[in-house]
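Student: Give the three-dimensional model of this entry:
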Amino acid sequence: MDGGLVRRLRDQVIEPARRKGYRDIWLSGASQGGMGSLFYERTYPGEVTGLVLLAPYMGEDGIVSRVAEAGGPARWQPPLPKPPGLNINNYQVEIWRAVHAWHTDSHRADEVWVACGADDDFLPAAKMIASVLPAGHFIELPGGHDWKVWDRAATQIFAQVAKASTAN
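Tutor: Model (predicted):
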């Protein structure tokens, strides 16, 4: 929660990949890994090509309820000013801040995908994320919070991403 994960990911993975010539870099994570991908996006918005969030953990019920009660991430207003970094006290608000930004940045939203199982407790939050994404960028599959769902979803999503990239 001190931002070390984001710095290490950038220094040890993203930047070395860029130096080797990789242009398209996607972050994907399931559950807390999805949250980690959002930490990166919050800190370095738009720096990676895209995100694939598989039932991402979006915080405790309190923050998820506040975003829902506001009418979803497009209508929810994150507190200002944006803090310079992540910490144990603000990380839940800050991952929603990253999602909130997509409602005004449709280009960035075009590069984000979310998937979740129909029986997953994280489904309501995943559907809220989907509300700021293009149609078709949310996949709901039978199942719960497990790799069977995430593997199927990732296979579908990356097939669509590959198809779109070859069309361009």
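Student: quick one: furthest residue from the center of the protein?
Tutor: Residue farthest from the centre of the chain, counting by C-alpha atoms, centre = their mean, is Lys20 at 25.3 Å.
Student: Tell me which residues touch that residue, please.
Tutor: Residues near Lys20 by C-beta atoms under 8 Å, 6 or more residues apart in numbering: none. Yep, even glycine has a C-beta here, placed from its N, CA and C like the rest.
Student: now what about stretch 108-116, what contacts it?
Tutor: 45-46, 49-56, 101-103, 122-123, 126-127, 129-130, 132-134, 137-141, 149-150, 153-154, 156-157, 160-161.
Student: Just to be careful, could you list which of the residues you listed are in helices?
Tutor: Counted as lying in helices by DSSP state H, out of those, are 101, 123, 126-127, 129-130, 149-150, 153-154, 156-157, 160-161.
Student: Now, of these, which are buried?
Tutor: Among those, the ones that count as buried by 16 or more other C-beta atoms under 10 Å are Ala101, Leu123, Ala126, Ile129, Ala130, Val149, Trp150, Ala153, Ala154, Ile157, Val161.
Student: Good, we can wrap up now.
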